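Novice: I would like the atomic coordinates for the input below:
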Amino acid sequence: MALDNAPAVAQVWAWLAEVPDPEIPVLSIVDLGIVREVAWRETGGRAQCVVTITPTYSGCPATEAIAESIVAALRDHGVADVRLETRIAPAWTTDWLSEAGKERLKQYGIAPPVRGNAPPVRGNAPAGPAIAPPAQQVIAVGAIGRGKPADPVVACPRCGSTQTQCTSPFGSTPCKAMYRCLDCLEPFDYFKCH
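Specialist: Model prediction:
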């Protein structure tokens, strides 16, 4: 395919927005914020689609599956030459989750992250809603006088109660913690802030 005939960058973003995250399939890789940039380059007289991604953390076991899904999805739409680039700085943060993605997490039964203080750094991603102002972080003073961040106030995704308790900082994937609601008594995952 010649560069003149390449699909619009916005179209490629739309195709990528249909690629589910392998660990949390209710989220797309675009909702998750790991797709940072899409560009077309001419290589040897042919159009090459370059997709830049930022893994959620180094060593994430889903990174390879996501890369394969991106290439497969674009090839299914007729893009034969796909090149993936990994950008590790700035590091991925849960602040890059889309608002629609946070709502999908809640509907899926996973409490979304509660803070939002990093500006979006999305390359040429389609514009989205503004990020909320920074949340204040509560500091609990420990017995030896050093402050440490307190557990965040996490609303239950089922009943909305903020009367919740962290039962384990480790969940089914490294990005989640286990919580339980003290009102409806249901356990749930919380997507930890990074």
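Novice: For this structure, which residue occupies the most central location?
Specialist: Of all residues in the chain, the one closest to the mean position by CA atoms, centre = their mean is Leu32, 2.2 Å from it.
Novice: Do you know the pLDDT at it?
Specialist: Per-residue pLDDT puts Leu32 at 94.
Novice: ok, now Ala127?
Specialist: For Ala127, the pLDDT comes out at 46.
Novice: who's in contact with Asn75?
Specialist: In this structure residue 75 is Arg, not Asn. By CB atoms under 8 Å, 6 or more residues apart in numbering, the residues touching Arg75 are Val82. Glycine gets a C-beta too; all of them are placed from N, C-alpha and C.
Novice: ok, back up a step: how about the residue nearest to the centre of the chain: what's its closest non-neighbour residue?
Specialist: Closest residue to Leu32 apart from its sequence neighbours, by CB to CB, 6 or more residues apart in numbering: Asp21 at 5.3 Å.
Novice: buried ones in the strand or helix carrying Val38?
Specialist: If you go by DSSP states H and E, Val38 is part of strand 35-43. Residues of strand 35-43 classed as buried by neighbour count (16 or more other CB atoms under 10 Å): 35-38, 40.
Novice: The residue lying closest to Pro112 once chain neighbours are set aside: helix or strand, and which one exactly?
Specialist: Leaving out its chain neighbours, the residue that sits closest to Pro112 by CB to CB, 6+ apart is Lys102, at 3.8 Å. Using DSSP H and E, Lys102 sits within helix 99-108.
Novice: Run through the neighbouring helices and strands of that helix.
Specialist: Where contact means 3 or more CB pairs under 8 Å, 6 or more residues apart in numbering; DSSP states H and E, helix 99-108 is not packed against any helix or strand.
Novice: pLDDT on it, on average?
Specialist: On average, helix 99-108 scores 95.
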